[in-house]
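Chemist: Turn this into a structure:
(2 chains)
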Amino acid sequence: MCVEPMLKKLFPFAVFPLLLAGCATTPLPDRGSPVPPQSRAEPPASSTERYKAPEISAYREPVMPGYARPAPGRAVQMLMAQARQQKQAGELVAAAGSLERALRIEPKNPVLWNRLAHVRYKQKQYSLAASLAAKSNSFAAQDQALRADNNALIGRARY
Amino acid sequence: MPPAKKKAVRKKTAVVRKKTVRRKRSAAKKKRAKRGFPWLKWFVGLVLLAMLVVGGYSLYLSQIVRIKFEGKRWAVPARVYARPLELYAGANLTPTRLQAELQALGYRKVKQVKGIAQWSQSGSRFVFHTREFLFWDGVEPAHKVDLRISGNTVSVLKDGVSGKSLDVLRLEPPEIGSIYPSHKEDRVLVRRDEIPDHLVGALLAAEDRAYFQHHGVNIYSIARALLANVKAGRTVQGGSTLTQQLVKNFFLTPERSLWRKVNEALMAIILDARYGKEEILEAYANEVFLGQDGDRAIHGFGLAAYYYFNRPLRELNLTETALLVGLLKGASYYNPRTHPERALKRRNLVLQLMADQGFINQAMADKAMKMPLGVGRKGRRSSARHPAFIDLVRRQLQRDYQEEDLTSEGLRIFTTLDPWAQQTLDEQIGKGLSALEKSRKLPGDSLQAAMVLVSPQGGEIRALSGGREVGFAGFNRALDAVRPIGSLIKPVIYLLALSRPGEYSLVTLLDDEPVRLEDAKGRVWAPKNYDRKTHGLVPLHTALAKSYNLATVHLGLSLGIKNVVSLLRRMGVQRQLSPLPSLLLGAVSLSPLEVAQFYQVFASSGFRSPLRAIREIVDSQGRPLQRYPLEVAQVIDPGPVYLLNRNLVEVMRAGTGRGIRKYLPESLEVAGKTGTTDELRDSWFAGFSGDWLAVAWVGRDDNKPAGLTGSSGALVLWGRVMKVLKPQPLGLPPPQDVVYIWVDPQTGYLSAEHCEGAVAMPFIRGSEPRLRSDCLGEERRSGSFLERLFE
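Modeler: Numbering: from 1, shown residues only, chains lettered A, B, ... in the order given. A predicted model of the protein is given here:
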């Protein structure tokens, strides 16, 4: 009988690392969303040189503004965690609302666009989901795992 | 003979008359003898009849009272809110902006924050206690917040009580107006438990001391008033109870007659008998007239609290409520903004009455009487603050809602307006136009302008200006000034070209040679360049940067005008367009808002988001009714848009937009395009940074030439606004199918970094130039390496 309140107390501590892990590893798709295994199995782009996309051009744009690929700020991390909980609880409208709020703070964060695409897909708004995933790609730069997830979503949405 | 006859007749009548009288008298005598008091029967009958009539009439009145009192009592206008300010570590914020936001919310500046809706500042450190606010997605609880700003960003955000750092916090959104019905009554409903006790005390003391004892009417006070009025020979005192006053406002017309007085008394008695004192008091507090704001009537204490003190009613202190109660005698005569002395006298009288009748003690009254009026200069609920934006909101709502729902259901509408951006827009348009008129020696107030500020990725309209008269709801040029857009159309044509990488790249040479077209009716169209010259073969990027007309017409004709129209349509232009060659040079009339819609596609890498002014709508109970979500549709591949945007950056660096350097530093990358129409009638500029998209139009209402080009007019306003907004650089990452190649920018030949004049230009993979410049001729190895890759 007294185990339950204790569990409740411990619950945030148990969940917090999970949330943190969820935020830290951007390319992983949402838990429970039907993503084909190959996109999850693919190693992250930065882990080994072998997987780097072949470079054709010798010249890239010299400076990429630092803010274009920021590590999500704490505000966005919190809103993403909130959106994840809402999505898992089936509150899809609220989850989309939290992600839109996060996007107002970091409009060029490709992960947020990807998460919103997944929420819209779950709401069966397939063409919007595909556009959102394509938009995520436009900010994803070399984040190949995120690209793969977006492309898989686009494929499923257009199917 | 005849006279005699007459006489005889007359006599006869007289006799008859006498007879009748006699008969009647005798009949009466007989009756009186028969029954004692026959008039009593009549009297009883009459009384019964009267009772029946009065009873029936009361029943009728009672029905009226019931229907009105139990039905929807008031039409409550929709409330319109600006966006809530999001606070988090790293947010862009200056102390001035935070101060303005807290003031707009009616927070009080204090030395030390002790309660809700107070703030304090020491240097760049702010402490404030927010109010609780019900958003569409839940309650944002009240917080005591400790915040520090350094270098124009929030550096520390923590809970003011526990000291724990906070992730993110929404301030309550400032209210920017209401959509009220044609009878112009505006009110904010308050519940009985939101009415402070000292307000009830003041009401009773000043208006109706026996309110909780009488039955709707108070005979003593009527008698007292009558006596006083007779003594004075005119009306000096009213004997009406609060109930009667409510009845008067609520059910009756304002004429003054005895009949209406009787009705008023009857209905007051009925109201009192049927409903509780507290309920009637609540209705009274919401009904009364307390001021006039232009054409808007301020009703009820709830709205009056905002109108005079910019705070909710429950936050008002004794002195402030006494002032509001004083206004009941005459809201315009005692208006604290126009007649502060009268208002002060009246307020102190109310306070004294409260002390006399024991609602407060004399010491409290004396202390309150020493307080200043405390009335704010202008209420935040004045709907005249952002008329152009509210107009846009109203129009967007009218697509989905009935006018009546908007003006009566108490909806709450959450918009995308950024008050600070709006204020910047209003200020800079005013100053900018005056400066332009002065420097160009134009008559004052001859120029007009419109401007739209949008968030590029989400398509949210952050600010909108419909003209230079701030706060005047006139012609909304941002929506209704539909003018030819001139060269603003050119990027669409160039984007269409770049989306065919097999045929066009930024260095493709275009013909800048004379054009002469004849239509079916034999009319000739022979456009010229702005400098009246032709430039021969010019690279595509130069043709756009220098806005060459002839090269553009040649390009557009070979792409197909119908294809240009179709792209414009996909980019969100809904207006009917005729696919004529003159369309290629901007003979298309659009409003600044419509221009912002299709430029948004450039600013967001080819993804169209319908421009929105509204985020959410909730009903009067706070339940969400509707959301206008962030929508995105891919119009065109990111690659070509990226190339075009690099070209639009060149416009600002070396083309017609060079003038921006007066306002923004060279290192800050922005993209944009100027537009000018025939005889300099319209001056346009549309451009974007990483975080703002803005479209500006300058011209004259009478459509006469304004004498300004896109760069000498609209660009000036655009630059002034951007300078204040401190935009972020464009910073678009190149899409995967884009490569940078060193080329000779004039010939478009392959080149190398060490070659003179070579620049790195973006190409869609596969569309890189093949021909090598002379400089590269000797570098066999490098050339063959590239060749191996491409072939």
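
Chemist: From here on, just use CA atoms for contacts and neighbour counts.
Modeler: Noted.

Chemist: Below-threshold pLDDT in the stretch 301-450 of chain B: ranges please.
Modeler: Applying pLDDT under 70 to the predicted model, the residue ranges of the stretch 301-450 of chain B that meet it are B:377-384.

Chemist: Tell me how many other residues surround the closest residue to chain A within it.
Modeler: Shortest the stretch 301-450 of chain B-to-chain A distance, computed as CA to the nearest CA: residue-wise this is B:Thr416, at 10.8 Å. Using other CA atoms under 10 Å in any protein chain shown, B:Thr416 is surrounded by 23 other residues.

Chemist: ok, now which ones touch it?
Modeler: B:Ala82, B:Arg83, B:Glu460, B:Ile461, B:Arg462, B:Arg612, B:Ala613, B:Ile614, B:Arg615 (CA atoms under 8 Å, 6 or more residues apart in numbering or on different chains).

Chemist: so which of the residues you listed comes closest to B:Gly374?
Modeler: Distance ranking of the contacts of B:Thr416 against B:Gly374, using CA to CA, places B:Ala82 first at 25.4 Å.

Chemist: Verify the stated contact: that closest one with B:Trp420.
Modeler: No - judged on CA atoms under 8 Å, B:Ala82 makes no contact with B:Trp420 at a distance of 10.3 Å.

Chemist: Sketch out the low-pLDDT regions of the chain for me.
Modeler: Using chain A. Counting by pLDDT under 70, chain A contains low-confidence ranges at A:1-71.

Chemist: think we crossed wires, I meant chain B
Modeler: Residue ranges of chain B with pLDDT under 70: B:1-36, B:182-183, B:235-237, B:377-384, B:471-473, B:777-791.

Chemist: Which residues of it lie near chain A?
Modeler: Chain B comes close to chain A at residues B:88-90, B:137, B:167-168, B:457-458, B:605, B:607, B:629-634, B:638, B:729, B:731-736, B:739-742, B:760, B:789, as judged by CA under 8 Å from any CA of the partner chain.

Chemist: Narrow those residues to just the buried residues.
Modeler: For the residues of chain B next to chain A, a burial check counting by 16 or more other CA atoms under 10 Å in any protein chain shown picks out B:88-90, B:137, B:167-168, B:457-458, B:605, B:607, B:629-634, B:638, B:729, B:731-736, B:739-742, B:760.

Chemist: Pick out the residue of chain A closest to chain B.
Modeler: Each residue of chain A has a distance to chain B, by CA to the nearest CA, and the smallest belongs to A:Ala75, at 4.9 Å.

Chemist: neighbouring contacts of the helix or strand containing that residue?
Modeler: According to DSSP states H and E, A:Ala75 maps onto helix A:74-88. For helix A:74-88, contacts defined as CA under 8 Å, 6+ apart pick out A:19, A:23, A:92, A:94-96, A:98-99, A:101-102, A:105-106, A:112, A:119, B:88-89, B:167-168.

Chemist: counting contacts, what elements does the helix or strand following it pack onto?
Modeler: Scanning forward in sequence from helix A:74-88 by DSSP H and E, the next helix or strand is helix A:92-105. In this structure, helix A:92-105 makes packing contacts with helix A:74-88, helix A:110-122, judged by 3 or more CA pairs under 8 Å, 6 or more residues apart in numbering or on different chains; DSSP states H and E.

Chemist: at 10 Å instead, please
Modeler: Contact partners of helix A:92-105 among helices and strands, from 3 or more CA pairs under 10 Å, 6 or more residues apart in numbering or on different chains; DSSP states H and E: helix A:74-88, helix A:110-122, strand B:86-87.

Chemist: Buried deepest among those, which one?
Modeler: helix A:110-122 (a mean of 25; mean count of other CA atoms under 10 Å in any protein chain shown).

Chemist: That one to helix A:74-88, inter-axis angle?
Modeler: Between helix A:110-122 and helix A:74-88, the angle comes out at 20 degrees (axes from the mean of the first three to the mean of the last three CA atoms, to 10 degrees).

Chemist: any idea which helix or strand comes after helix A:110-122?
Modeler: Downstream of helix A:110-122, the next assigned helix or strand under DSSP H and E is helix A:126-140.

Chemist: Check which element follows that following helix along the chain.
Modeler: helix A:144-158.

Chemist: Flag every buried residue along that following helix.
Modeler: The neighbour-count check on helix A:144-158 (16+ other CA under 10 Å) flags A:Gln144, A:Ala145, A:Leu146, A:Arg147, A:Ala148, A:Asp149, A:Asn150, A:Asn151, A:Ala152, A:Leu153, A:Ile154, A:Ala157 as buried.

Chemist: List the contacts of the nearest residue to B:Asn218 once chain neighbours are set aside.
Modeler: The shortest distance from B:Asn218 to any residue that is not its chain neighbour, by CA to CA, 6 or more residues apart in numbering or on different chains, is 6.7 Å, and that residue is B:Thr241. Remark: with contacts taken as CA atoms under 10 Å, 6 or more residues apart in numbering or on different chains, B:Thr241 is in contact with B:204, B:207-211, B:214-219, B:221-222, B:247, B:265, B:268.

Chemist: and those, which of them are in helices?
Modeler: Secondary structure of those is defined by DSSP state H; positions in helices are B:Leu204, B:Glu207, B:Ile219, B:Ser221, B:Ile222, B:Val247, B:Ala265, B:Ala268.

Chemist: Of all pairs in the residues you listed, which one is the farthest apart?
Modeler: B:Leu204 and B:Ala265 (18.9 Å).

Chemist: Show me which of the contacts of B:Thr241 are buried.
Modeler: With neighbours counted using 16+ other CA under 10 Å, these contain these buried positions: B:204, B:207-211, B:214-218, B:221-222, B:247, B:265, B:268.

Chemist: so which of those comes closest to B:Ala543?
Modeler: Taking the buried ones among the contacts of B:Thr241 together and measuring to B:Ala543 by CA to CA, the closest member is B:Val247, at 74.8 Å.

Chemist: From B:Ala268, how far off is the closest one?
Modeler: 6 Å (CA to CA, to the nearest Å).

Chemist: Could you tell me which residues touch both of those two?
Modeler: Residues within reach of B:Val247 and of B:Ala268 at once, by CA under 10 Å, 6+ apart, are B:Val65, B:Gly216, B:Thr241.

Chemist: isn't the second one right up against B:Met267?
Modeler: Meaning B:Gly216. Yes - B:Gly216 lies in contact with B:Met267 (CA atoms under 10 Å); the separation is 8.4 Å.

Chemist: quick one: common contacting residues for the two?
Modeler: By CA under 10 Å, 6+ apart, B:Gly216 and B:Met267 have these common neighbours: B:Thr243, B:Gln244, B:Val247, B:Ala273.

Chemist: Just send those residues back as a markdown table, with secondary structure too.
Modeler: Below are those laid out as a markdown table (DSSP: H, G, I helix; E, B strand; the rest coil):
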| residue | secondary structure |
| --- | --- |
| B:Thr243 | helix |
| B:Gln244 | helix |
| B:Val247 | helix |
| B:Ala273 | helix |
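
Chemist: ok, B:Ala82 and B:Trp420, which is more surrounded?
Modeler: When B:Ala82 and B:Trp420 are compared on other CA under 10 Å, the one with more neighbours turns out to be B:Ala82, at 21 against 16.

Chemist: Now do the contacts for the spatially closest residue to the more buried one that is not a sequence neighbour.
Modeler: When the adjacent residues along the chain are set aside, B:Ala82 lies closest to B:Leu417, with 4.8 Å between them (CA to CA, 6+ apart). Contact criterion CA under 10 Å, 6+ apart gives B:81-84, B:173-174, B:176, B:386, B:389-390, B:453-454, B:460-464, B:613-614 as the residues in contact with B:Leu417.

Chemist: part of a strand, is B:Leu417?
Modeler: No - assessed with three-state DSSP, B:Leu417 is coil; it does not lie in a strand.
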